[in-house]
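[1] A predicted structure for the sequence below; I have some questions about it.
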Amino acid sequence: MSEFRRLFTPVALRGKTLRNRIVFGAHTANMAADGLPTQQHVGYYAERAIGGAGMVVVEPMPVHRAAVLTRGNFRPSDDSVVPHFRKVTEAIKGNGAVAIQQLYHVGQHADADNSFHAGWSPSGLPSYHDSDGSHRMTEADIEETIDGFVQAARRCREAGFDGVEVWAAYHSMLDQFWTPWSNRRDDRWGGSLENRTRMSREVMSRIRRVCGDDFIIGLAINDEPEVEVALQREALAEIVGRHDRDHLMDYVTCGSGSYFDFYKIMPTFLYPEKLGADLAAVLKSTVRHALVTAESHIRTPQNAESVLSEGRADLVSIVRGQIADPHLANKAAAGRAEDIRGCLSCNQMCWGRRSRDYWISCVINPSAGREWEWGGDRFTPAETPKRVLVVGG
């Protein structure tokens, strides 16, 4: 563990203590059945908690009918999810990790084929990801959506989650309100920075009022420096700094890519390592209260340790690395980093299956998504070992 001294230093977060700095970040596992979490979710997330992750962020909950994006999304606006999620949170927390759920709305990038609802956005622009257009939100639509975030957070608290992560990344709805290119409104929700950040500030402040002082609130954003119309790092730092000044969030997660350049959201081996660390470093010099999480192409404990030891972030989200090996954290802590089943960044079964609207798996870890029926990713050595010759791939 001396190799990863910073990585395995505990850290306080809104009254909770994370046993290490490793986050299993939010991603769409797409495993819901009839909109409800199942034993497949329980097994999947429990395995990463058993494997040592300090915090587990469960896949995003759409906060409104207009936000549903996949067949396997959870039911929005429905308290029936609560007892089912309670099984998920008990499995995560019972195995030593802090349990968070991400809350999302895709705005103009909606998919009416799955949501059966018109897309809603600040200014009624089309998507750069799906073929559908969107409807310019009325004042009533905005209030309905804000309440959707708040009620989703309330369900999370009732289900036993320690907090929520408010999704403002990848040019999602909240990012669309922040961004002048996509927010062309001339009312109190558009124009000045005060107006453009009003929706996210309302969402987070109302969640705090409803869910209480001991409830963790995170914020997810993204880095997209090559896209001219996207918010650049200086603008994002100003926006996040404004939220931090008002103590609206406890941590902020920095990913990469967006619906403008989708491939950097889950970068393959063609992209540089540690993509999310650059924006995280900018925010580390900006925020005064919130922890900063670096996410995106930080697949190994060595990468994670370097990001933390350089002071570029407080936490590191390793998603595909822990899909490939859910016991990554424990192996690194035990000085067995060489035994980690490394992620290839091939995206064949995580993004590849998700893009076909199946539940995700992993090309080098066939237990991913099957933990509930295979007894996890833990195997007992055979009493009588054999030598096996593998011919070909």
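    Right, received. Where do you want to start?

[2] Quick check: residue 296 vs residue 205, distance?
    28 Å (C-beta to C-beta, to the nearest Å). Placement of C-beta: from N, CA and C, glycine included.

[3] out of those two, which sits in the busier spot?
    Neighbour totals were compared for residue 296 and residue 205, and residue 296 leads with 29 against 16 (other C-beta atoms under 10 Å).

[4] Surely the more buried one and residue 272 touch.
    No - at 10.1 Å, residue 296 does not count as touching residue 272 under the criterion of C-beta atoms under 8 Å.

[5] residue ranges of the strands in this structure, please?
    11-13, 16-18, 22-24, 55-62, 98-104, 120-121, 135-136, 163-167, 216-223, 251-256, 291-295, 315-317 (DSSP state E).

[6] what packs against the third one?
    Helices and strands touching strand 22-24, as assessed by 3 or more C-beta pairs under 8 Å, 6 or more residues apart in numbering; DSSP states H and E, comprise strand 55-62, strand 315-317.

[7] Quick one: distance of that strand to the chain centre.
    10 Å (C-alpha atoms, centre = their mean, to the nearest Å).

[8] what's the answer for the last one, then?
    A distance of 11 Å separates the centroid of the chain from that of strand 315-317, by C-alpha atoms, centre = their mean.

[9] Let's test this: mean pLDDT of it, rounded?
    Mean per-residue pLDDT for strand 315-317: 98.

[10] Could you do the fifth one as well?
    Within the predicted structure, the mean pLDDT of strand 98-104 is 97.

[11] relative to strand 163-167, how tilted is that strand?
    30 degrees (axes from the mean of the first three to the mean of the last three C-alpha atoms, to 10 degrees).

[12] Repeat that for the fourth one.
    Between the axes of strand 55-62 and strand 163-167, defined by the same axes, to 10 degrees, the angle is 60 degrees.

[13] Can you name every helix or strand that strand 55-62 contacts?
    Against strand 55-62 (3+ C-beta pairs under 8 Å, 6+ apart) you get strand 22-24, helix 39-50, helix 82-93, strand 98-104, helix 139-158.

[14] can you list those in CSV and add distance to residue 10 and mean neighbour count?
    Formatted as CSV, these follow (distance: least, C-beta to C-beta, whole Å; neighbours: other C-beta atoms under 10 Å):
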stretch, distance to residue 10, mean neighbour count
strand 22-24, 11, 31
helix 39-50, 16, 24
helix 82-93, 16, 19
strand 98-104, 11, 26
helix 139-158, 24, 19
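
[15] now for these, which one comes closest to residue 230?
    strand 98-104 (17.9 Å; C-beta to C-beta).

[16] Skip the chain neighbours and tell me the closest residue to residue 155.
    Spatial nearest neighbour of residue 155, excluding adjacent residues (C-beta to C-beta, 6 or more residues apart in numbering): residue 82 at 5.4 Å.

[17] can you map out the helices along the stretch 101-250 of the chain?
    112-115, 139-158, 173-178, 193-196, 198-211, 233-245 (DSSP state H, counting those that start in this stretch).

[18] Measure how far the longest one is from the centre of its chain, please.
    Taking the mean of its C-alpha atoms, helix 139-158 sits 18 Å from the chain's own mean (C-alpha atoms, centre = their mean).

[19] ok, and what's touching that helix?
    61, 63-64, 66-67, 76-77, 79, 81-82, 85, 101, 103, 105, 120, 135, 137, 163-164, 166, 173, 187, 189, 199, 202-203, 206-207, 210-212, 215 (C-beta atoms under 8 Å, 6 or more residues apart in numbering).

[20] Residue 43 versus residue 327, what's the distance?
    Counting by C-beta to C-beta - residue 327 and residue 43 are separated by 14 Å.

[21] no wait, residue 34
    Distance from residue 34 to residue 43, by C-beta to C-beta: 18 Å.

[22] ok, now residue 132?
    34 Å.

[23] can you check residue 116 too?
    30 Å.

[24] quick one: pLDDT of the closest residue to residue 42 other than its chain neighbours?
    Closest residue in space to residue 42, ignoring its immediate chain neighbours: residue 91 at 4.9 Å, by C-beta to C-beta, 6+ apart. Per-residue pLDDT puts residue 91 at 98.

[25] what's the answer for residue 172, then?
    94.

[26] ditto for the one 4 residues further on
    At residue 176 the predicted local distance difference test score is 97.

[27] Residue 185 is in contact with that one, correct?
    No - using C-beta under 8 Å, residue 176 is not in contact with residue 185, being 10.6 Å away.

[28] Which residue of the two possesses the greater neighbour count?
    Counting neighbours by other C-beta under 10 Å for residue 176 and for residue 185 shows that residue 176 has the greater number, 27 against 17.

[29] Distance check, residue 106 against residue 167.
    Counting by C-beta to C-beta - residue 106 and residue 167 are separated by 9 Å.

[30] Repeat that for residue 193.
    Counting by C-beta to C-beta, the gap from residue 193 to residue 167 is 20 Å.

[31] okay, those two: which has more neighbours?
    residue 167 (28 against 13).

[32] Quick check: bridge partners of the spatially closest residue to that one that is not a sequence neighbour?
    Sequence neighbours aside, residue 104 is the residue nearest to residue 167 in space, at 3.8 Å (criterion: C-beta to C-beta, 6+ apart). On the basis of DSSP bridges, residue 104 is bridged to residue 62.
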